[in-house]
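A.B. asks: Sequence and computational prediction follow.
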Amino acid sequence: MNIIFLGGEDVSARIDISKKLIELGNNVKIIGSQKSDIFNQNNIAYTSFNLNRELNVFDDIKSIISLRRILVNIKDDFIVHAFDTKLTIFLPIAAFGLDNIKVVRTINGMGRLFTKKSIDNNFLVIIYKIIQKLIKNKVDFTIFQNTDNYNYFIKNKLVNKDKSIVIKSSGINLDQYSSDVNKVDEFNLKNKYLNNLKSPTFILVSRLIKQKGVLNYLEAAKLCHLNGFNFNFLLIGQLDSNKDAIKLESINKYKEYVNYLGKQTNIKELLSISDVFVLPTYYSEGVPRVLLEASAMSLALLTTNIPGCNDVLLNGRNGLEINIDDSLDLSEKMIQITQDNQVLKKMKIKSTNHVRNFSLEKVTNECLKVYKKIYNK
């Protein structure tokens, strides 16, 4: 089959599944807004186009026109599978009238519109629903990453039920993750980043925006220290530019308690020196990849009971559920999860076992069933 993955600035997350599909004899290309280097290194055909992550009508129209030009030049039959909230809308519009293009999209969360209640957002949600209804018959198949999003679309008649399915996550290549990291590297990292080598280490890897609960993490770290618990706290993530971004000045207020490392590429190694992964998000997620990566590296989890997160978290078994936007509860759960080493160890083992349900092989096979169904039609 001929398959194109379409995404934004993180479209490189589709490289693993692309390589798996190529191994199985399929022709796979990628379109996205990233630089081409990483795709060239992996010998995957790549085409770039401009995409503004924020809402900008003029830029969005330009992106649709740019995508349309790329699709018009495709002569063979192709399944084009879109990720990213904007692109799951842009693709059906850009592919209108192109009979050789079959449109598949993954709804991997529903973004800020469904996170923050405001008059503006309520209006935009209405527009979102109208657009979804207008394009739903132009979509050959919709994949949801969690049941809550699926139920929302079905209830509001935004998709055709017979052309929809839930496939939990985009899949994680478990072969690339192991808690067995080079001991010398681990020793050096601990000495470089941890204040107390005998204390448990918490880590948060995230976009630095308010809805990810970053401020709750910082405040909870402070509360733990004020209560006499000298834990290690790591924060990793690039400063964002949108209106909900956390400012560096806000992070620096907590530098006595939290070691902010900025953007890092050695996430696996940093996870290896940590014990508990924290994601206090109240953002509308799909299935957060960072939770899967942390689980694969045998970390216990502290996260909220929101769609996607609650698919990965087994409360009381591989971690603990935390309240939304509640720094005090988070600090109490941090203390609770570290009080019994044997319980914490069992949670880490359960994380490793549970993440197999989100393996790349499993997700690839489920996607292939969708693609074959479209091809057979």
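C.D. replies: Okay, I see it.

A.B. asks: give me the element residue 70 is part of.
C.D. replies: Assessed by DSSP states H and E, residue 70 sits inside helix 57-72.

A.B. asks: in that helix, what's buried?
C.D. replies: Using 16 or more other C-beta atoms under 10 Å as the test for burial, helix 57-72 gives 60, 63-64, 66-68, 70-71. From N, CA and C alone the C-beta is placed, and that goes for glycine too.

A.B. asks: from those residues, which is closest to residue 330?
C.D. replies: Nearest to residue 330 among these is residue 60, at 36.5 Å by C-beta to C-beta.

A.B. asks: hey, where'd the strands end up in the stretch 251-377 of the chain?
C.D. replies: 259-262, 276-279, 300-304, 319-322 (DSSP state E, counting those that start in this stretch).

A.B. asks: starting at the chain centroid, how far to the third one?
C.D. replies: With C-alpha atoms, centre = their mean, to the nearest Å as the basis, strand 300-304 stands 15 Å off its chain's centre.

A.B. asks: For that strand, name the packing helices and strands.
C.D. replies: Where contact means 3 or more C-beta pairs under 8 Å, 6 or more residues apart in numbering; DSSP states H and E, strand 300-304 is packed against strand 276-279, helix 289-296, helix 309-312, strand 319-322, helix 327-337, helix 341-354.

A.B. asks: Pull out the buried positions in the last one.
C.D. replies: Across helix 341-354, burial judged by 16+ other C-beta under 10 Å covers 344, 347-348, 350-352, 354.

A.B. asks: and that helix with helix 289-296, angle?
C.D. replies: 120 degrees (axes from the mean of the first three to the mean of the last three C-alpha atoms, to 10 degrees).

A.B. asks: which strands and helices sit next to helix 341-354?
C.D. replies: helix 289-296, strand 300-304, helix 327-337.

A.B. asks: What lies in contact with the longest one?
C.D. replies: Counting contacts by C-beta atoms under 8 Å, 6 or more residues apart in numbering, the residues outside helix 327-337 that touch it are 202, 213, 215-217, 219-221, 223-224, 227, 229, 231, 276, 278, 280, 300, 302, 319-320, 322-323, 343-344, 347.

A.B. asks: Just the buried ones from these, in ChimeraX syntax?
C.D. replies: In ChimeraX, this line selects whichever of the contacts of helix 327-337 come out buried by 16+ other C-beta under 10 Å:
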select :202,213,215,216,217,219,220,221,223,224,229,231,276,278,280,300,302,319,320,322,323,344,347
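
A.B. asks: For residue 81, find the nearest of the helices and strands packed on helix 341-354.
C.D. replies: When these are compared by C-beta to C-beta, helix 289-296 sits nearest residue 81, at 16.9 Å.

A.B. asks: chain center to the lowest-mean-pLDDT helix or strand in the chain: distance?
C.D. replies: None of the helices or strands of the chain scores lower by mean pLDDT, DSSP states H and E than helix 183-193, at a mean of 87. Put simply, helix 183-193 sits 27 Å off its chain's centre (C-alpha atoms, centre = their mean).

A.B. asks: Mind checking what helix or strand follows it in sequence?
C.D. replies: Going down the chain from helix 183-193, the next helix or strand is strand 201-205, by DSSP H and E.

A.B. asks: buried set for that following strand?
C.D. replies: Residues 201-205 are the ones in strand 201-205 that count as buried (16+ other C-beta under 10 Å).

A.B. asks: now stretch 299-309
C.D. replies: In stretch 299-309, counting by 16+ other C-beta under 10 Å, buried: 299-304, 306-309.

A.B. asks: got it, and stretch 20-36?
C.D. replies: In stretch 20-36, counting by 16+ other C-beta under 10 Å, buried: 20-21, 28-34.

A.B. asks: could I get it in PDB with only the CA atoms?
C.D. replies: Only the C-alpha atoms of stretch 20-36 are listed here, as PDB (Å, rounded to 0.1, in the frame of the first residue of the first chain):
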ATOM      1  CA  LYS A  20       7.800  -0.800  10.500                       C
ATOM      2  CA  LEU A  21       5.400  -0.400   7.600                       C
ATOM      3  CA  ILE A  22       8.200  -0.200   5.100                       C
ATOM      4  CA  GLU A  23       9.600  -3.500   6.500                       C
ATOM      5  CA  LEU A  24       6.300  -5.000   5.800                       C
ATOM      6  CA  GLY A  25       6.500  -4.000   2.100                       C
ATOM      7  CA  ASN A  26       4.600  -0.800   2.000                       C
ATOM      8  CA  ASN A  27       5.600   2.500   0.300                       C
ATOM      9  CA  VAL A  28       5.700   5.200   3.000                       C
ATOM     10  CA  LYS A  29       6.300   8.900   2.800                       C
ATOM     11  CA  ILE A  30       6.000  11.700   5.300                       C
ATOM     12  CA  ILE A  31       4.800  15.400   5.000                       C
ATOM     13  CA  GLY A  32       5.400  17.800   7.800                       C
ATOM     14  CA  SER A  33       6.800  21.100   9.100                       C
ATOM     15  CA  GLN A  34      10.000  19.800  10.600                       C
ATOM     16  CA  LYS A  35      13.400  20.100   9.000                       C
ATOM     17  CA  SER A  36      14.400  17.200   6.700                       C
END
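
A.B. asks: That stretch: how far from the chain's middle?
C.D. replies: For stretch 20-36, the distance to the chain centre is 19 Å (C-alpha atoms, centre = their mean).

A.B. asks: Equivalent analysis for stretch 140-151, please.
C.D. replies: On C-alpha atoms, centre = their mean, the centre of stretch 140-151 falls 15 Å from that of its chain.

A.B. asks: can you tell me the distance between the two ends of that stretch?
C.D. replies: One end of stretch 140-151 sits 18 Å from the other (C-alpha to C-alpha, to the nearest Å).

A.B. asks: Would you mind pulling the contact partners of it?
C.D. replies: Residues outside stretch 140-151 that contact it (C-beta under 8 Å, 6+ apart) are 79, 88, 102-110, 153, 159, 163-170, 284-287, 307-308, 311, 367, 370, 373-374.

A.B. asks: Sounds good, over and out.
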